[in-house]
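Asker: Okay, sequence plus prediction incoming.
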Amino acid sequence: MGIQIDVVASYPIDDEVERVLGLAEAVGEPVTVTFMWEGREEAERAVLVPAATLALWEHWAPTAYARGGVADENRAVAEEPELAHPAEFGAFTLFRRRAGGRTAVARKGVVVAELLDPDEAHWLQETARNVRQGFMDPKQKAAFEEFLARQASLDEQ
(Lines give C-alpha, C1' and ligand atoms only; values in the text may rest on other atoms or scores of the structure.)
Protein backbone atom coordinates (compact mmCIF):
# COMPACT_ATOMS: atom_id res chain seq x y z
CA MET A 1 0.00 0.00 0.00
CA GLY A 2 1.08 3.61 -0.47
CA ILE A 3 1.95 5.23 2.82
CA GLN A 4 2.38 2.69 5.62
CA ILE A 5 1.20 4.01 8.98
CA ASP A 6 0.95 1.57 11.90
CA VAL A 7 -0.96 2.55 15.03
CA VAL A 8 -1.57 0.58 18.21
CA ALA A 9 -4.77 1.47 20.06
CA SER A 10 -5.37 -0.09 23.45
CA TYR A 11 -9.08 0.57 23.19
CA PRO A 12 -11.04 2.58 20.61
CA ILE A 13 -11.78 5.45 22.92
CA ASP A 14 -12.62 8.89 21.59
CA ASP A 15 -9.10 10.35 21.40
CA GLU A 16 -7.44 7.28 19.87
CA VAL A 17 -10.05 6.78 17.17
CA GLU A 18 -9.98 10.50 16.35
CA ARG A 19 -6.19 10.45 16.06
CA VAL A 20 -6.13 7.39 13.78
CA LEU A 21 -9.01 8.66 11.68
CA GLY A 22 -7.33 12.07 11.42
CA LEU A 23 -4.21 10.40 10.03
CA ALA A 24 -6.22 8.44 7.47
CA GLU A 25 -8.27 11.47 6.39
CA ALA A 26 -5.25 13.78 6.21
CA VAL A 27 -3.24 11.55 3.87
CA GLY A 28 -6.19 9.88 2.12
CA GLU A 29 -4.43 6.58 2.61
CA PRO A 30 -5.20 3.51 4.68
CA VAL A 31 -3.86 3.23 8.22
CA THR A 32 -3.06 -0.16 9.73
CA VAL A 33 -4.47 -0.35 13.25
CA THR A 34 -3.81 -2.92 15.96
CA PHE A 35 -6.52 -2.98 18.62
CA MET A 36 -5.74 -4.45 22.04
CA TRP A 37 -9.26 -5.29 23.24
CA GLU A 38 -10.00 -5.79 26.92
CA GLY A 39 -10.54 -9.45 27.79
CA ARG A 40 -8.88 -10.79 24.63
CA GLU A 41 -5.43 -12.29 24.44
CA GLU A 42 -4.90 -11.70 20.73
CA ALA A 43 -4.64 -8.30 19.14
CA GLU A 44 -6.95 -7.50 16.23
CA ARG A 45 -5.32 -6.01 13.12
CA ALA A 46 -7.39 -4.02 10.69
CA VAL A 47 -6.89 -1.37 8.04
CA LEU A 48 -8.78 1.90 8.48
CA VAL A 49 -9.65 3.15 5.00
CA PRO A 50 -11.17 6.64 4.53
CA ALA A 51 -14.64 6.41 2.96
CA ALA A 52 -13.65 8.33 -0.20
CA THR A 53 -10.60 6.11 -0.77
CA LEU A 54 -12.67 2.96 -0.29
CA ALA A 55 -15.33 4.25 -2.70
CA LEU A 56 -12.62 4.81 -5.32
CA TRP A 57 -11.16 1.33 -4.83
CA GLU A 58 -14.59 -0.30 -5.02
CA HIS A 59 -15.43 1.67 -8.16
CA TRP A 60 -12.45 0.19 -10.00
CA ALA A 61 -12.36 -3.31 -8.45
CA PRO A 62 -14.50 -5.44 -10.78
CA THR A 63 -15.49 -8.15 -8.27
CA ALA A 64 -15.84 -8.64 -4.56
CA TYR A 65 -12.99 -9.97 -2.45
CA ALA A 66 -13.26 -13.75 -2.17
CA ARG A 67 -12.35 -14.98 1.27
CA GLY A 68 -10.64 -18.32 1.14
CA GLY A 69 -8.15 -20.60 2.72
CA VAL A 70 -8.35 -23.39 5.22
CA ALA A 71 -7.25 -21.20 8.13
CA ASP A 72 -10.15 -18.81 7.56
CA GLU A 73 -12.66 -21.68 7.37
CA ASN A 74 -11.41 -23.20 10.62
CA ARG A 75 -11.50 -19.82 12.36
CA ALA A 76 -15.06 -19.17 11.18
CA VAL A 77 -16.23 -22.52 12.56
CA ALA A 78 -14.46 -22.03 15.89
CA GLU A 79 -15.81 -18.51 16.53
CA GLU A 80 -19.40 -17.46 16.82
CA PRO A 81 -20.16 -14.31 14.80
CA GLU A 82 -20.25 -11.19 16.94
CA LEU A 83 -23.51 -9.44 17.54
CA ALA A 84 -24.14 -6.67 15.06
CA HIS A 85 -25.11 -4.07 17.68
CA PRO A 86 -23.36 -0.73 17.15
CA ALA A 87 -20.64 0.13 19.64
CA GLU A 88 -20.35 3.79 20.62
CA PHE A 89 -16.99 5.31 21.52
CA GLY A 90 -17.41 9.02 22.19
CA ALA A 91 -18.22 10.79 18.93
CA PHE A 92 -17.82 7.56 16.94
CA THR A 93 -20.08 4.61 16.37
CA LEU A 94 -18.66 1.34 15.05
CA PHE A 95 -21.05 -0.81 12.99
CA ARG A 96 -19.59 -4.31 12.59
CA ARG A 97 -21.12 -6.24 9.72
CA ARG A 98 -21.81 -9.85 10.49
CA ALA A 99 -21.18 -10.83 6.87
CA GLY A 100 -17.81 -9.91 5.47
CA GLY A 101 -16.17 -8.76 8.69
CA ARG A 102 -16.03 -5.06 7.85
CA THR A 103 -16.72 -2.37 10.43
CA ALA A 104 -18.09 1.01 9.37
CA VAL A 105 -16.90 4.01 11.43
CA ALA A 106 -19.50 6.76 11.67
CA ARG A 107 -19.11 10.25 13.11
CA LYS A 108 -22.27 12.32 13.67
CA GLY A 109 -24.29 9.84 11.60
CA VAL A 110 -21.96 9.88 8.57
CA VAL A 111 -19.73 6.94 7.64
CA VAL A 112 -16.24 8.40 7.41
CA ALA A 113 -14.14 5.23 7.15
CA GLU A 114 -14.24 1.46 7.29
CA LEU A 115 -12.10 -1.07 9.10
CA LEU A 116 -11.16 -3.89 6.72
CA ASP A 117 -9.18 -7.07 7.01
CA PRO A 118 -5.59 -6.26 5.91
CA ASP A 119 -5.71 -8.88 3.13
CA GLU A 120 -8.97 -7.50 1.76
CA ALA A 121 -7.65 -3.92 1.84
CA HIS A 122 -4.50 -4.95 -0.03
CA TRP A 123 -6.50 -6.92 -2.60
CA LEU A 124 -8.94 -4.04 -3.19
CA GLN A 125 -6.14 -1.51 -3.62
CA GLU A 126 -4.14 -3.70 -6.01
CA THR A 127 -7.16 -4.76 -8.08
CA ALA A 128 -8.41 -1.18 -8.37
CA ARG A 129 -4.97 0.04 -9.44
CA ASN A 130 -4.59 -2.68 -12.08
CA VAL A 131 -8.05 -2.10 -13.58
CA ARG A 132 -7.66 1.70 -13.51
CA GLN A 133 -4.30 1.51 -15.28
CA GLY A 134 -5.87 -0.51 -18.10
CA PHE A 135 -8.72 1.95 -18.61
CA MET A 136 -8.80 4.75 -21.16
CA ASP A 137 -11.54 7.32 -21.29
CA PRO A 138 -13.29 7.67 -24.71
CA LYS A 139 -11.28 10.74 -25.85
CA GLN A 140 -7.98 9.14 -24.88
CA LYS A 141 -8.97 5.89 -26.61
CA ALA A 142 -9.93 7.72 -29.84
CA ALA A 143 -6.64 9.63 -29.85
CA PHE A 144 -4.68 6.42 -29.28
CA GLU A 145 -6.55 4.65 -32.12
CA GLU A 146 -5.80 7.60 -34.41
CA PHE A 147 -2.13 7.43 -33.42
CA LEU A 148 -2.00 3.70 -34.15
CA ALA A 149 -3.72 4.21 -37.52
CA ARG A 150 -0.94 6.62 -38.55
CA GLN A 151 1.79 4.09 -37.75
CA ALA A 152 3.29 2.05 -40.52
CA SER A 153 2.38 -1.63 -40.52
CA LEU A 154 5.06 -4.19 -39.68
CA ASP A 155 5.25 -5.21 -43.35
CA GLU A 156 6.00 -1.61 -44.43
CA GLN A 157 8.79 -1.13 -41.88
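Answerer: Arrived safely. This structure is a prediction, so every number in the text was calculated from the model and none was measured.

Asker: Helix, strand or coil: sort out the residue nearest the centre of the chain for me.
Answerer: Centre of the chain computed as the mean C-alpha position; nearest residue by Cα atoms, centre = their mean is residue 121, 3.9 Å away. Here residue 121 is recorded as helix under DSSP: H, G, I helix; E, B strand; the rest coil.

Asker: and if you look at the one 4 residues further on?
Answerer: Per three-state DSSP, the local secondary structure of residue 125 is helix.

Asker: now it: how far from residue 88?
Answerer: Note on residue 125: its distance to residue 88, by Cβ to Cβ, to the nearest Å, is 29 Å. All C-beta atoms are positioned from the backbone trio N, CA, C, and that covers glycine.

Asker: Pick out whichever of those two has more residues nearby.
Answerer: Neighbour count, other Cβ atoms under 10 Å: between residue 125 and residue 88, residue 125 has more, with 22 against 11.

Asker: you'd agree that one is up against residue 30?
Answerer: Yes - using Cβ atoms under 8 Å, residue 125 makes contact with residue 30 at a distance of 7.4 Å.

Asker: Not counting residues beside it along the chain, what's closest to the residue nearest to the centre of the chain?
Answerer: Distances taken as Cβ to Cβ, 6 or more residues apart in numbering place residue 47 nearest to residue 121, at 3.8 Å, with adjacent residues excluded.

Asker: same deal with residue 128?
Answerer: Nearest non-adjacent residue to residue 128, counting by Cβ to Cβ, 6+ apart: residue 60, 3.7 Å away.
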